[in-house]
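[1] Quick one, what's the 3D model for this:
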Amino acid sequence: MPPRFSCFPANPLPRLALLLLLSITPLAGASIHAEHGFGEKGGDGSIASDLNPAGLVAGIITEEEGRRRAVVYQHGRIRELGTLGGNEGFTKAINAHGVVVGSAQTASGTWHAFRYEETLGMRDLGTLGGNSSYATAITRDGRVAGYADTSGGDFHAFVTQADHSLQDLGTLGGASSYASGLNVHGVVVGTAQRSDGYRRAFVYRPGEGMREIGTLPGGRISSATAINDAGLIVGASETEKRRWHAFAWDGKRMLDLGAMIGQGDSYATAVNAAGHIVGSVEINGYEPMTFVYKEGVMTVRRRDDGLYLTNKITDAGLVVGAIYTGHKFQAFAVSSRAAPPPQRGNPLDWLLITFVIGASGVVLYKLQRNYRTGVQGHRTRLL
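    Residues are numbered from 1 along each chain as shown. Below you'll find the predicted structure:
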C-alpha cells in the first residue's frame, strides 16, 4: 500500500516557499489600459488619427511592407475605407457624424483629399488645379480644410465651400501655404510662406483673409496646428535660442508652453473645447513624450504613461495617437489625467521582508528534515 503522503507533490517545499514569499512581498501598482492597436495582423502597425464622441476611431494601418490603409475602428471591428483607385490611403480627422477626411491615391498614383461617409463612400475633393491635395481637418457641419497643388506648381491652403469645392486661401506673400485646423465659425489656421521666404503661423477668418500670428520672441518661423471653437490656437514656434516651443495664442498674446516644460523641443498638436492642449516634447534625442496643458498646469507624461505620436485630444479628455513598440506603431489612447507614479518602497518594509525570509528559512529547514524523516518510514510531524 503506498504511503499516505504519496498523493502530494514529490517535494512541496518550493511551492510553500513561494507562498511564504508572496504573503510578505508588496504587489506593484498596475494601470488598466485598453488593448493596443486595432487587432491588425502580424507585423502590421496602426495609428489612431482621431476619435469622435461615439467612440469611432479614424485610423491608419501600415502593412509590414509599408503600404498604408485608411480605416475606421470601433468595438473590435475594422472598416476599410478603400482608395480613390490607387493603392494607399490614410485618415486625418473624423467629426461627430462619423465623416472622415484624409488622402488617398488615385489610379494615376497621385494623392487626392477625400471625404468619406458610410452611406456615400469616398468622395474625391479634387485639387486647386495641380496634381495633389490633402485634407487635414473637418468640422461638425462637414467643412473641410487642407492644402492642394495649384496650376503653378505650389501648394495652397484650402477650405471647402457648401458645394464641396475648394476655396484657395492664398499665402502671406510667399509661394505656399497649408491649413491644419478649422473651427465651426470657418476660421482656419495653418502655416504660410512670407515674401522673405520664412514660414509663419496664420489665422484665416471669412471676410477678413489671412493674417500672420507671428512667433515667440526672437523666433523666425512658426506653425499653427489646431484651433477650437472659442478661437484658441495652438502650434509651435522657433525661439531666440533656435529651439522649438509649443505655444497657445488667444488672439492677443502668445503663451510659451515650451518654457513651462523647461527643456527640449515641444510641439502642440491639438486643443479641445475646454482649452486643454496636448503635444509632444523631445529631449536630448530621446523618444517623444506627451505633454498636457490644462487649467494653467503643464504636465509631461512619463514614457510609460503617454504616447509616441500625440495626435488629438477629445472633449472627453482622451489623448489619441500611437505608442511605439520598438519596430512598429500601435494605435492607443490615454487619459489626459496622468497616472500616479509607481510607489516607492519603504525601507522598513524591506527590513521586515528580510527578517521574515530569514525566519522562513529556519521553518523550511525543519520542514525539509521532518519531510525526509517521513519518507524513511518514521512518524512525520510539522515541527
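[2] Now the element after the helix or strand where Ser237 lies, going C-ward?
    In the assignment (DSSP states H and E), Ser237 maps to strand 233-238. Remark: after strand 233-238, the chain's next helix or strand is strand 244-249, criterion DSSP H and E.
[3] Gly130 belongs to a strand, doesn't it?
    Yes: under DSSP: H, G, I helix; E, B strand; the rest coil, Gly130 falls within a strand.
[4] Each with direction, which strands does the strand holding Ser237 pair with?
    Applying DSSP bridges, strand 233-238 is found paired with strand 222-227 (antiparallel), strand 244-249 (antiparallel).
[5] could I have that strand exported to CSV, CA atoms only?
    Taking C-alpha atoms only, strand 233-238 is exported to CSV below (Å, rounded to 0.1, in the frame of the first residue of the first chain):
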residue,chain,number,x,y,z
ILE,A,233,-4.9,78.5,-31.5
VAL,A,234,-2.0,76.2,-30.8
GLY,A,235,1.2,75.3,-32.6
ALA,A,236,4.9,75.7,-32.4
SER,A,237,7.4,78.5,-32.8
GLU,A,238,11.2,78.9,-33.1
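[6] Could you tell me how many residues sit around the spatially closest residue to Gly186 that is not a sequence neighbour?
    Once flanking residues are discounted, Gly186 sits nearest to Pro206: 4.6 Å by C-beta to C-beta, 6 or more residues apart in numbering. (Glycine included, C-beta is placed from N, CA and C.) By other C-beta atoms under 10 Å, the residues close to Pro206 number 11.
[7] And the pLDDT for Pro206?
    pLDDT, Pro206: 96.
[8] quick one: contacts for it?
    If you count contacts by C-beta atoms under 8 Å, 6 or more residues apart in numbering, Pro206 has them with 185-187.
[9] top of those residues by neighbour count?
    Compared across the contacts of Pro206, Val187 has the highest neighbour count, 20 neighbours, by other C-beta under 10 Å.
[10] quick one: contacts for it?
    So Val187 contacts 203-206, 227, 231 (C-beta under 8 Å, 6+ apart).
[11] how near is the spatially most central residue of the chain to Glu208?
    Closest to where the C-alpha atoms of the chain average out (C-alpha atoms, centre = their mean) is Gly321, at 2.1 Å. Relative to Glu208, Gly321 is positioned 33 Å away (C-beta to C-beta, to the nearest Å).
[12] Among the contacts of Val187, which one lies nearest to Leu257?
    Relative to Leu257, the closest of those is Ile227; by C-beta to C-beta it sits at 15.4 Å.
[13] ok, the closest one to Leu172 distance?
    In terms of C-beta to C-beta, Ile227 sits 17 Å off from Leu172.
[14] What residue, apart from its backbone neighbours, is nearest Tyr134 spatially?
    Distances taken as C-beta to C-beta, 6+ apart place Ser103 nearest to Tyr134, at 4.6 Å, with adjacent residues excluded.
[15] Throw the strands paired with strand 233-238 into TSV and include mean neighbour count, thanks.
    Formatted as TSV, those follow (neighbours: other C-beta atoms under 10 Å):
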stretch	mean neighbour count
strand 222-227	25
strand 244-249	25
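[16] for the ones you listed, which one sits closest to Thr290?
    Across the strands paired with strand 233-238, Thr290 has its closest neighbour in strand 244-249 (11.6 Å, C-beta to C-beta).
[17] Output the contacting helices and strands for the helix or strand just after that closest one.
    Downstream of strand 244-249, the first helix or strand assigned by DSSP H and E is strand 254-256. Helices and strands touching strand 254-256, by 3 or more C-beta pairs under 8 Å, 6 or more residues apart in numbering; DSSP states H and E, are strand 244-249.
[18] What would the strand it packs on look like as PDB? C-alpha coordinates only.
    Listed next in PDB are the C-alpha coordinates belonging to strand 244-249 (Å, rounded to 0.1, in the frame of the first residue of the first chain):
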ATOM      1  CA  TRP A 244      11.100  74.800 -30.900                       C
ATOM      2  CA  HIS A 245       8.500  75.600 -28.300                       C
ATOM      3  CA  ALA A 246       4.800  74.800 -28.200                       C
ATOM      4  CA  PHE A 247       2.600  77.900 -28.000                       C
ATOM      5  CA  ALA A 248      -1.100  78.900 -27.400                       C
ATOM      6  CA  TRP A 249      -2.500  82.100 -28.900                       C
END
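[19] who touches it?
    Contacts of strand 244-249 (C-beta under 8 Å, 6+ apart): 201, 213, 216, 222, 224, 232-239, 254-259, 261, 265-268, 271, 277, 279, 281, 291, 293.
[20] Quick check on those residues: which are buried?
    Among the contacts of strand 244-249, the ones that count as buried by 16 or more other C-beta atoms under 10 Å are 201, 213, 216, 222, 224, 232-239, 254-258, 261, 265-268, 271, 277, 279, 281, 291, 293.
[21] Tell me how confident the model is about the helix or strand harbouring the residue nearest to Tyr134, as a mean pLDDT.
    Assigned by DSSP H and E, Ser103 falls within strand 100-106. What strand 100-106 shows for mean pLDDT is 98.
[22] same thing with stretch 304-318?
    The average pLDDT within stretch 304-318 is 95.
[23] can you pull the buried residues of that stretch?
    For stretch 304-318, the neighbour count (16+ other C-beta under 10 Å) marks 305-314, 317-318 as buried.
[24] what do you get for stretch 171-182?
    Neighbour-count burial for stretch 171-182 flags 171-172, 174, 176-182 (criterion: 16+ other C-beta under 10 Å).
[25] tell me which of these is nearest to Lys41?
    Closest approach to Lys41 among the buried residues of stretch 171-182 (C-beta to C-beta): Ser180, at 31.9 Å.
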